[in-house]
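Engineer: When you get a sec, could you give me coordinates for this:
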Amino acid sequence: MMKTTALGLAFWASVLAIPLSAHAQPLPELKCEELKEETVAPIAALCKAHIGCGYVLNSHRRCADAKGYLERLQPLIGEGTKTLFGIRKEVTPDAVFTAVLGGEAYANARDLEERSPEARETIRKIGDVVRAVGAGEVLTGRWKTNVQWVYYGQVRDGKSQGVGTLISEYGSIERGTFGDNGLKGDGDAPRKTTPNPMTGRKSIDGPARTVGRFIDGHFVRGQILSISSDELYLLDGAWSYDNGKQTFTGIKTYADGRRFEGRIVSSLYDAGRLLRADGTLAEAGNYEKGKLSVGRQYDGSGKTVIAEIDLPAERKAAEAKAEQDKLLQAQEQERRKQEAAAQAEQQFRASLQAMNAGQLFARADELNVQGDRTRAREVQRVLMSRFPDHPLTATTARQITGESGGSTAAGGGSSPAGTANAAGRPAGTRLSSQTCEAMKQTVMTTRVPPNASVTASTETVMFMTKTVLDMIAGGCPTDGTTPAQIEAERQERQRQYAAAESACNQVQSGGRRCVPQAHSSAGAVSKPPVASAANNARQSAVGYDPVTGRCLPVDSCECQQACGVPRSSSGGGGIRTAR
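Structural biologist: Predicted coordinates:
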């Protein structure tokens, strides 16, 4: 009687090498002229009438293999038994199993009996009980993968219960004691190990034969002869399963005689020892990803330790060294940075000693524009220390105390926009007559160099204009000039200075800002001459008002030629510096 039911997939998915989620296609019918030969045709017809035998026959993809299968099957069926209706030949599950196992593709599966006496005994016992049960009842069905199967054996409540044989349409076969979900007890599951055209290996990786104890389709105890990368090995021990992770505890013996004794998790060594083919100990300890992590390695005798392995400690040491190297590198970078800063500071201080007063004044102004007020003050102190009598020293002193209207504003360049009217300054903050005279001589003797660049010309004009503004702010004496005229002159000079500075900055590049400084004909900042009032009096009888720009006496020819500055038509235009 034939019935339809279902069996578990856990073990069969691996046996058939079909993913559980796959949807297998039915195999096409095998058509071979060889099967029509007179010596083969009768057994072929008999095999096709048996569902399981027909599945195996049709699973062969080469006609020669199918014919070989039938030739192995024929003697197992024998001459048949006599009945009232004549000779009756019958295909049995045991005959199908034996014929399958005799094929070339199952050579490795047969090898298990030679390698493991325990497996050989289990195989014999399973064969005895299967033959005793015979064909039994027949169940058919289809797995979720769309693969058809047939079961021959003991049945209870329409399900496989007891000894039987299970065959799929792909020709896979297993036998033993079954439960609701597949093998449940001793079982024997051989597998083809044919060449794998996808990888070029001699056979497909996986178990060639599994013999031992099953629980609900899971193999838990016994022997597995398996193949990995063309290497045959025997597993003899126990298996456990947790969240899809398989753990084996026992002995793994390789074809060359090497063996591993211990625990293997997901096909990788986890803990145990590895012995050479001659039985000597090669290594022992705990493993990480299949490699000895903490343990010892031994010489050829297996008695002398040649290496102590501690990969976690090595990693920790390597991490500590990397951290130390990182710290040392940071310290070295900081040291180099400090050395560079010290060298730069030394070069900076040395450069201050080589500059003249005008260069120092310009450098201080440039540093103020850059926001480096500390260094700007240092440059100003050097200027005052090296050139105490220079007219720029007085201007610098006022800038330091914050009283000079020409001091650098925060975040901007030198600008006289904030210069105060001398009339409103306290008497104690006025410049001395000697300083005023020196500043006047500086303005009178400063000239724009011939063929000077736009920058040099404009910065010289800015220097002259700023000096005049500092004189106005310092309350330098003027002859016959009213406070209103002085204020008007101050505003005009501020306008001239701002225009010159703006024009100069527009032609700069690289972030440079123009500063008020006098350029010599060689292009360097010149040191303005400083003359006392007495010397000036001896050199010329011509008088000069730096605020209004008028020579005294106004009508003298010497004033017209010596001053070198044309009078303004208004009489109060002063020095015209930016034209």
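
Engineer: just for the stretch 301-450 of the chain, where's the confidence low?
Structural biologist: Residue ranges of the stretch 301-450 of the chain with pLDDT under 70: 401-429.

Engineer: Can you show me the helices along it?
Structural biologist: 311-354, 357-369, 373-386, 391-401, 433-445 (DSSP state H, counting those that start in this stretch).

Engineer: now swap in the stretch 51-200 of the chain and tell me
Structural biologist: For the stretch 51-200 of the chain, the helices defined by DSSP H, counting those that start in this stretch occupy 51-59, 63-77, 93-101, 107-115, 117-133.

Engineer: what packs against the second one?
Structural biologist: Secondary-structure packing of helix 63-77 (3 or more Cβ pairs under 8 Å, 6 or more residues apart in numbering; DSSP states H and E): helix 41-48, helix 51-59, helix 93-101. C-beta: built from backbone N, CA, C; applies to glycine.

Engineer: Extract the C-alpha set from the second one and format it as CSV.
Structural biologist: Meaning helix 51-59. The C-alpha trace of helix 51-59 is given here as CSV (Å, rounded to 0.1, in the frame of the first residue of the first chain):
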residue,chain,number,x,y,z
ILE,A,51,9.6,4.0,-7.6
GLY,A,52,12.9,4.1,-5.6
CYS,A,53,14.9,2.1,-8.2
GLY,A,54,13.4,4.3,-10.9
TYR,A,55,14.6,7.4,-9.1
VAL,A,56,18.1,6.1,-8.8
LEU,A,57,18.2,5.0,-12.5
ASN,A,58,16.9,8.3,-13.7
SER,A,59,19.4,10.3,-11.5
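
Engineer: Next one: P483 relative to R490, how far apart?
Structural biologist: As judged by Cβ to Cβ, to the nearest Å, P483 and R490 stand 10 Å apart.

Engineer: of the two, who's got more company?
Structural biologist: Neighbours were counted for P483 and for R490 using other Cβ atoms under 10 Å; R490 has more, 22 against 12.

Engineer: about what we covered before: T455 is nearest to which of the helices of the stretch 51-200 of the chain?
Structural biologist: Nearest to T455, of all the helices of the stretch 51-200 of the chain, is helix 107-115, at 92.2 Å by Cβ to Cβ.

Engineer: How far does the closest one sit from its chain's centre?
Structural biologist: 50 Å (Cα atoms, centre = their mean, to the nearest Å).

Engineer: try stretch 355-364
Structural biologist: Per Cα atoms, centre = their mean, the centroid offset for stretch 355-364 relative to its chain is 51 Å.

Engineer: Need the residues that contact it.
Structural biologist: Here stretch 355-364 makes contact (Cβ atoms under 8 Å, 6 or more residues apart in numbering) with 352, 376-377, 379-380, 382-383, 386-387, 390, 392-393, 395-396, 399, 459, 463, 515-518, 524-528.

Engineer: Equivalent analysis for stretch 41-55, please.
Structural biologist: Outside stretch 41-55, the residues that reach it (Cβ under 8 Å, 6+ apart) are 35-36, 56-57, 70, 73-74, 77, 89, 91, 93, 96, 138, 140, 148, 150, 152, 165, 167-171, 173.

Engineer: Please pick the buried ones from those residues.
Structural biologist: The neighbour-count criterion (16 or more other Cβ atoms under 10 Å) marks 35, 56-57, 70, 73-74, 77, 91, 93, 96, 138, 148, 150, 152, 165, 167-171, 173 among the contacts of stretch 41-55 as buried.

Engineer: Which helix or strand contains V468?
Structural biologist: helix 454-473 (DSSP states H and E).

Engineer: circling back: which of the helices of the stretch 51-200 of the chain has the lowest mean pLDDT?
Structural biologist: Lowest mean pLDDT of the helices of the stretch 51-200 of the chain: helix 107-115, a mean of 89.

Engineer: and the angle from that helix to helix 117-133?
Structural biologist: Using axes from the mean of the first three to the mean of the last three Cα atoms, to 10 degrees, one finds that helix 107-115 and helix 117-133 are set 110 degrees apart in direction.

Engineer: What is helix 107-115 packed up against?
Structural biologist: On a contact count with 3+ Cβ pairs under 8 Å, 6+ apart, helix 107-115 meets helix 117-133, strand 206-215, strand 218-228, strand 231-242.

Engineer: Can you list the buried residues in that helix?
Structural biologist: Buried residues in helix 107-115, defined by neighbour count with 16+ other Cβ under 10 Å: 108-109, 111-113, 115.

Engineer: ok, of the residues you listed, which one's closest to E29?
Structural biologist: Using Cβ to Cβ, the buried residues of helix 107-115 come closest to E29 at A109, 26.7 Å.

Engineer: Was I right to think that closest one contacts A189?
Structural biologist: No. Using Cβ atoms under 8 Å, A109 is not in contact with A189, being 9.1 Å away.

Engineer: Touching both of those two, which residues are there?
Structural biologist: With Cβ under 8 Å, 6+ apart as the test, A109 and A189 both reach R209.

Engineer: Which of the helices of the stretch 51-200 of the chain sits closest to V40?
Structural biologist: Comparing those by Cβ to Cβ, helix 63-77 comes nearest, at 5.5 Å.

Engineer: next one: that closest one to chain centre, how far?
Structural biologist: Chain-centre distance of helix 63-77: 61 Å, with Cα atoms, centre = their mean.

Engineer: Do you have the strands of the stretch 451-579 of the chain handy? List them.
Structural biologist: Using DSSP state E, counting those that start in this stretch, the strands found in the stretch 451-579 of the chain span residues 543-545, 550-552.

Engineer: What does the pLDDT read for S229?
Structural biologist: For S229, the model assigns a pLDDT of 69.

Engineer: Same check on G523?
Structural biologist: Value listed for G523 in the pLDDT field: 43.

Engineer: repeat for the one 5 residues further on
Structural biologist: Turning to P528, the model gives it a pLDDT of 40.

Engineer: I'd say I123 and G212 touch.
Structural biologist: No. Using Cβ under 8 Å as the test, I123 is too far from G212 to be in contact (10.1 Å).
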